[in-house]
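> need coordinates for the below:
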Amino acid sequence: MPNIFLIILKVAKSFIIIYNKNMTKINIKVVASEGAVLPVYKTAGAAGADICALLKEPVIIETGKSAMIPTGLFFEIPEGYEVQIRPRSGLAAKNGVTVLNTPGTIDSDYRGEINVILINLGNKPFTVNNGDRIAQMLIAPVIQGDFSVVESLEKTERGSGGFGSTGV
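Below is the predicted model of the structure:
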């Protein structure tokens, strides 16, 4: 039986945060504009926390168009980590709406508002309302490369083949 604790918070609206003590946790400091909704993990095993739109009025995204949707959230991400912004599968499957730059990366030294670029690949206009869950965020460790110039690279079976060179 997993060690799961339910914590109920009341912030504007009631919602439940499920905390699983077996998951690794890292503190992300957040400045939230008035009315912004903090990211929420909806289930104990969720890798992604839902993030919501903070809008003064609804935004209509026409078919084939994109829009930058504000969240009212500002993060202080610890050095050595990033936040990845990814689509919500339900929005994509039901409406054809996804995150344009997937995954979007928020670096540890960025301090501006978190905005999500949504694109409507569906066949009808899509309306984003204030408080709608528009994307999910994952927190991931970052490994930086140490690049060194060399004269040649080791040979492999694949070599320089790419873009379908191994078949369909």
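> shouldn't residue 115 be in contact with residue 72?
No. Residue 115 is beyond contact range of residue 72, at 9.9 Å (criterion: Cβ atoms under 8 Å). For every residue, glycine as well, the C-beta is placed using N, CA and C.
> so how far is residue 114 from the spatially closest residue to residue 54 that is not a sequence neighbour?
Closest residue in space to residue 54, ignoring its immediate chain neighbours: residue 72 at 3.4 Å, by Cβ to Cβ, 6 or more residues apart in numbering. Noted for residue 72: a distance of 8 Å to residue 114, by Cβ to Cβ, to the nearest Å.
> the two - which one has more neighbours?
residue 114 (23 against 20; other Cβ atoms under 10 Å).
> those helices in this structure, which residues are they?
Secondary structure of the chain by DSSP state H: the helices cover 89-95.
> in it, where is pLDDT below threshold?
1-22 (pLDDT under 70).
> what sits against the most centrally placed residue in it?
By Cα atoms, centre = their mean, the chain has its centre lying nearest to residue 85, at 2.0 Å. Residue 85 sits next to 51, 99, 101-106, 114, 116, 135-137 when contact means Cβ atoms under 8 Å, 6 or more residues apart in numbering.
> in JSON lines: these, plus distance to residue 143.
Converted to JSON lines, those look like this (distance: Cβ to Cβ, whole Å):
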{"residue": "51", "distance to residue 143": "25"}
{"residue": "99", "distance to residue 143": "23"}
{"residue": "101", "distance to residue 143": "21"}
{"residue": "102", "distance to residue 143": "20"}
{"residue": "103", "distance to residue 143": "16"}
{"residue": "104", "distance to residue 143": "19"}
{"residue": "105", "distance to residue 143": "13"}
{"residue": "106", "distance to residue 143": "17"}
{"residue": "114", "distance to residue 143": "23"}
{"residue": "116", "distance to residue 143": "25"}
{"residue": "135", "distance to residue 143": "24"}
{"residue": "136", "distance to residue 143": "22"}
{"residue": "137", "distance to residue 143": "19"}
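> filter these to the buried ones?
51, 99, 103, 104, 106, 114, 116, 135, 136, 137 (16 or more other Cβ atoms under 10 Å).
> the second one reaches residue 118, doesn't it?
Yes. Applying Cβ under 8 Å, one finds residue 99 in contact with residue 118, separated by 6.4 Å.
> how far off centre is the longest strand anywhere in the chain?
In the chain, assigned by DSSP state E, the strand with the most residues is strand 66-76. Relative to its chain's centre, strand 66-76 lies at 11 Å (Cα atoms, centre = their mean, to the nearest Å).
> which strands and helices sit next to that strand?
Counting contacts by 3 or more Cβ pairs under 8 Å, 6 or more residues apart in numbering; DSSP states H and E, strand 66-76 is packed against strand 29-32, strand 49-52, strand 59-61, strand 113-120.
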